[in-house]
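> The amino acid sequence is not available; the structure is as follows:
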């Protein structure tokens, strides 16, 4: 994060704009709207800007900017002239006395940025790009303007009026957050939007009267194979409201960033022969936090019910009487195959698909080999990197042809995705040659041939 976003309270605070043209006028409008007392210094001033100053008890100083000006009298300064050397002088003078300064359209000479603003006062949303792309910021503002109801400002004001009473009734901040979230999901929001204030007041009074400390709950959420845009809407909503996030190794960093920032985050990832916490310990952790009244997000890569031990965790919660929700995710088979340009089924090549785990037991994969040797079928192997060579040997030994196409996808759906294409006879040696790392997914079947035509994400290493 290159900039730290803050919201300044400028009511009654003196601010200075250097420049008297149209750009200065645009910035002056924002500062006056925020309640600032505004001074403008410039040799000449546009009529609109002068009128604005007069309407808001501002002051026009008809002069060139000078380093002798007492800048410490101002909370912030904006340099908005069409002369870069003057703007840079303003920046240098402000820096010397630690006054916040912005030089319009000149990021290197800015100590703060003026963001694109969505105004639903008292709710104000700002979008900033650190000066790299103001047009993009404005486009995002336009999208938000169309998606955020204008009544949100009324709802914010209504909440502020009740904030002290709610705080007195519900002392615990975590419980108070749950109260407000449940209230915003109720009909009360629509009552406020429609100016039915008396009805909304009665609604919140009743909600406070009936409030009981909620029981803990666990959300078993599938995070998908890595690309955060593959998250479901429900997954994102629950990730944002959870008090605790317990996550696996396969949950990507960009997805973890989408969780509520102040949630407690606990890593319980498992790699081959390296378990941060045994499965029994994870089960116990879910129960423990839920019994404390916490909302727990158990975040798992892919889909929690496909080789994710989600069923074991839910059984434990059921036995302990803990409420839970299960949110399916895009499983690695679907995500990685799609991003590799390999359809798992195709009328000309495969009429069935089979998901298998390639984990080794006693040094060897235990799979129903004779059932897997079928020409018009796609096999998808999860976690089969270490046992890949033995898996290929066993399939050939049980009758599958050695030239059956195989694709191995590493870190699928992420920017680091790699695809190795070969056959049962040579895929293991190709994977070793290119030092491929987990997580991987292996696809075996004639559908692999379609990668060359249907690939849209990354080229394969053949």
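Looks like it arrived, so ask away. As the structure is a computational prediction, the values presented were derived from the model and not from experiment.
> Every contact and neighbour count from this point should use C-alpha atoms.
OK.
> Which parts of the stretch 51-200 of the chain are helices?
For the stretch 51-200 of the chain, applying DSSP state H, counting those that start in this stretch gives helices covering 84-96, 134-147, 152-169, 173-184, 188-193, 197-210.
> Quick one: closest of those helices to residue 342.
helix 134-147 (34.2 Å; CA to CA).
> I'd like the distance between residue 380 and residue 408.
10 Å (CA to CA, to the nearest Å).
> just residue 9 next, same as before
Taking CA to CA as the measure, residue 9 and residue 408 are separated by 56 Å.
> ok, the two, which is more surrounded?
Comparing residue 9 with residue 408 by other CA atoms under 10 Å, the one with more neighbours is residue 408, at 31 against 10.
> Does that one touch residue 421 like I think?
Yes: using CA atoms under 8 Å, residue 408 makes contact with residue 421 at a distance of 6.5 Å.
> picking up where we left off before, between residue 380 and residue 408, what contacts are shared?
Common contact partners of residue 380 and residue 408 (CA atoms under 8 Å, 6 or more residues apart in numbering): 441-443.
> List just the nearest of those to residue 206.
residue 441 (53.2 Å).
> which residues in the stretch 251-400 of the chain form strands?
Per DSSP state E, counting those that start in this stretch, the stretch 251-400 of the chain carries strands over the ranges 264-267, 270-271, 274-275, 295-300, 323-327, 352-357, 360-361, 364-365, 377-382.
> Tell me which of those lies nearest to residue 207.
strand 295-300 (20.1 Å).
> now that closest one, how far from the centre of its chain.
Chain-centre distance of strand 295-300: 15 Å, with CA atoms, centre = their mean, to the nearest Å.
> What of stretch 283-291?
With CA atoms, centre = their mean as the basis, stretch 283-291 stands 25 Å off its chain's centre.
> still on that earlier bit, between the helices of the stretch 51-200 of the chain, which gets nearest to residue 41?
Comparing the helices of the stretch 51-200 of the chain by their distance to residue 41 (CA to CA), the top pick is helix 84-96, with 11.5 Å.
> What are the buried residues along the closest one?
84, 86-91, 93-94 (16 or more other CA atoms under 10 Å).
> Need the residues that contact it.
65, 67, 71, 77, 79-81, 100-103, 109-110.
> Between the residues you listed, identify the one with the most neighbours.
residue 79 (30 neighbours).
> Hmm, that residue is touching residue 18, no?
Yes: the criterion here is CA under 8 Å, and residue 79 meets it with residue 18 at 4.8 Å.
> for the shared contacts of residue 380 and residue 408, which one is nearest residue 194?
Among those, and counting by CA to CA, the member closest to residue 194 is residue 441, at 52.3 Å.
> what's the offset of the helix or strand hosting the closest one from the middle of its chain?
Secondary-structure assignment from DSSP states H and E places residue 441 in strand 440-444. From the chain centre to the centre of strand 440-444 is a distance of 28 Å (CA atoms, centre = their mean).
> how many degrees apart are that strand and strand 352-357 in direction?
Using axes from the mean of the first three to the mean of the last three CA atoms, to 10 degrees, the inter-axis angle of strand 440-444 relative to strand 352-357 is 140 degrees.
> What lies in contact with strand 440-444?
By CA under 8 Å, 6+ apart, strand 440-444 touches 332-333, 336-337, 378-385, 404-412.
> give me the number of residues near residue 358?
Neighbourhood size, residue 358 [other CA under 10 Å]: 23.
> now do residue 314
21.
> residues in contact with it?
Neighbours of residue 314 in contact, by CA under 8 Å, 6+ apart: residue 324.
> State the pLDDT value of it.
On pLDDT, residue 314 comes in at 96.
> returning to what we had before: same list (the buried residues of helix 84-96) but as TSV, adding distance to residue 29 and pLDDT.
Output for these, formatted as TSV (distance: CA to CA, whole Å; pLDDT from 0 to 100):
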residue	distance to residue 29	pLDDT
84	22	94
86	22	96
87	20	96
88	23	96
89	24	97
90	21	97
91	21	97
93	24	97
94	22	98
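> Farthest pair within those?
The widest separation within the buried residues of helix 84-96 (CA to CA) is 15.4 Å, between 84 and 94.
> And the pLDDT at the residue lying closest to residue 455 once chain neighbours are set aside?
What sits nearest to residue 455 in space, not counting adjacent residues and going by CA to CA, 6 or more residues apart in numbering, is residue 341, at 4.0 Å. On pLDDT, residue 341 comes in at 96.
> number of nearby residues for residue 341?
Neighbours of residue 341 using other CA under 10 Å come to 22.
> tell me the contacts of it?
Each residue near residue 341 by CA under 8 Å, 6+ apart is listed here: 450-457.
> just residue 406 next, same as before
421-424, 427, 442-445, 448.
> beta partners of it?
Note on residue 406: beta-bridge partners by DSSP bridges are residue 422, residue 444.
> Would you mind giving me the confidence score for the closest residue to residue 157 other than its chain neighbours?
Distance criterion CA to CA, 6+ apart; nearest residue to residue 157, sequence neighbours excluded, is residue 122 at 6.3 Å. Residue 122 carries a pLDDT score of 93 in this model.
> since we're on residue 122, how many residues are nearby?
13.
> List the contacts of it.
Contacts of residue 122 (CA under 8 Å, 6+ apart): 153, 156-157.
> would you turn these into TSV with distance to residue 390, neighbour count and pLDDT?
Shown next, in TSV, are those (distance: CA to CA, whole Å; neighbours: other CA atoms under 10 Å; pLDDT from 0 to 100):
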residue	distance to residue 390	neighbour count	pLDDT
153	63	19	95
156	62	16	96
157	66	17	96
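> Could you export those to JSON lines, including columns for distance to residue 399?
As requested, the contacts of residue 122 are exported to JSON lines (distance: CA to CA, whole Å):
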{"residue": "153", "distance to residue 399": "69"}
{"residue": "156", "distance to residue 399": "68"}
{"residue": "157", "distance to residue 399": "72"}
